[in-house]
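1. sequence first, predicted model second:
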Amino acid sequence: MKRFLLRALPWVLALPAAVWAVFRIAGWDDRYPMAQLMAFTPYVAAGSLVPLAVLLVWRRWAAAGLAGVTAVALAVVVLPRWFADGDPMAGAAGASLRVMSANVLVGSAGPAELVDLVRAHRVDVLALQEVTPEYLAAVDAAGMSGELPHRVDHAAPGVEGSAVLSRLPLRDDGVRVNPGGFRQARAEVSVPGGGTVLVESAHPLAPWADFVTPLWKRGFEGQPRATPEGPVRVLLGDFNATLDHHLLRDLIDSGYRDAADVLGRGFTGTWGPYDGDPLPPVTLDRVLADRRVGVKDFQVLELPGSDHRPVYAELVLP
């Protein structure tokens, strides 16, 4: 028995990360619980070095070989987020558009602090998720209506509310209602020197349980694809997915670019810990713009009272 355990232990060390890598590369992540677990792939990639080191020191060469292949495979899928793309469009002569997204946790985020962020970054367009009518009234009382007077308001009680607020004139383009009820406010923003930009506040349902995971998948299938041959489109918000979910990667592959990924800032967590849980932060909030749009700046900010961190990007329009 002891001999069997000694033979099995190296494979016990090597196999978990290897199985994870197979699921990540194959895109088997749209079923519960992998839909949740896949968000932590960067941590698994870093942790995969531990069994590799142990097996090399132990001289268990076959299992170490598997662990080495696993570590390389996971590095290949996560490390590009650490390196900027050298975006040539960021220095183009097009009009600038400063956008921000904030999940305000059912109106729990600090209204004055959000207005301060808008002022400090001279935000042109703000996408809000989990916004309630009472919260919009609170931010207006703190000065938001003077900063961003134009808006598409689909605020609602609970977690379903959505809004787009703008310094620039806009046209209300209605609302998308995802399976599960989360709303996505839509607007056509008129940018001087940049034409019309289609902006949508993204918020697919989170895959928090087995019975809602199919709704999360359907919500992604209904997200607006990029229109690189038509109007400029910017999709920003709380996507409840990371770059390790194939549903998000498929959406980006329709013609978007992820602003954080373009500038090599894709590892910064935007959600968590939530309500004191021990989970490490993951990157759920993002700015997607079609591939004609330059990305000049991207930042993850702080907003007291919310479990999400706002994301800000300065875009250069074609």
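-> Everything's here; your move.
2. need the helices for the stretch 201-318 of the chain, in chain order.
-> Using DSSP state H, counting those that start in this stretch, the helices of the stretch 201-318 of the chain run over 213-221, 246-252, 259-262.
3. reformat those helices as a markdown table; add mean pLDDT and mean neighbour count.
-> C-beta here means a position set from N, CA and C on the backbone, and glycine is covered the same way. As requested, those are arranged in a markdown table below (pLDDT from 0 to 100; neighbours: other Cβ atoms under 10 Å):
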| stretch | mean pLDDT | mean neighbour count |
| --- | --- | --- |
| helix 213-221 | 97 | 20 |
| helix 246-252 | 98 | 19 |
| helix 259-262 | 96 | 25 |
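4. closest to S96 out of those?
-> Closest approach to S96 among those is made by helix 259-262 (13.5 Å; Cβ to Cβ).
5. what's the closest one in contact with?
-> By Cβ atoms under 8 Å, 6 or more residues apart in numbering, the residues outside helix 259-262 that reach it are 80-81, 84-85, 87, 243, 266, 268, 283, 286-289, 295, 298, 300, 311, 313, 315.
6. what subset of those is buried?
-> 81, 87, 243, 266, 283, 286-289, 295, 298, 300, 311, 313, 315 (16 or more other Cβ atoms under 10 Å).
7. quick revisit: can you add distance to F182 and give the helices of the stretch 201-318 of the chain back as CSV?
-> Formatted as CSV, the helices of the stretch 201-318 of the chain follow (distance: least, Cβ to Cβ, whole Å):
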stretch, distance to F182
helix 213-221, 7
helix 246-252, 15
helix 259-262, 22
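8. and P228, which of the ones you listed is closest to it?
-> Between the helices of the stretch 201-318 of the chain, helix 246-252 lies closest to P228; by Cβ to Cβ that is 12.0 Å.
9. return the distance of the closest one from the chain's centre.
-> Distance, stretch centre to chain centre, for helix 246-252: 11 Å (Cα atoms, centre = their mean, to the nearest Å).
10. can you name every helix or strand that it contacts?
-> Where contact means 3 or more Cβ pairs under 8 Å, 6 or more residues apart in numbering; DSSP states H and E, helix 246-252 is packed against helix 213-221.
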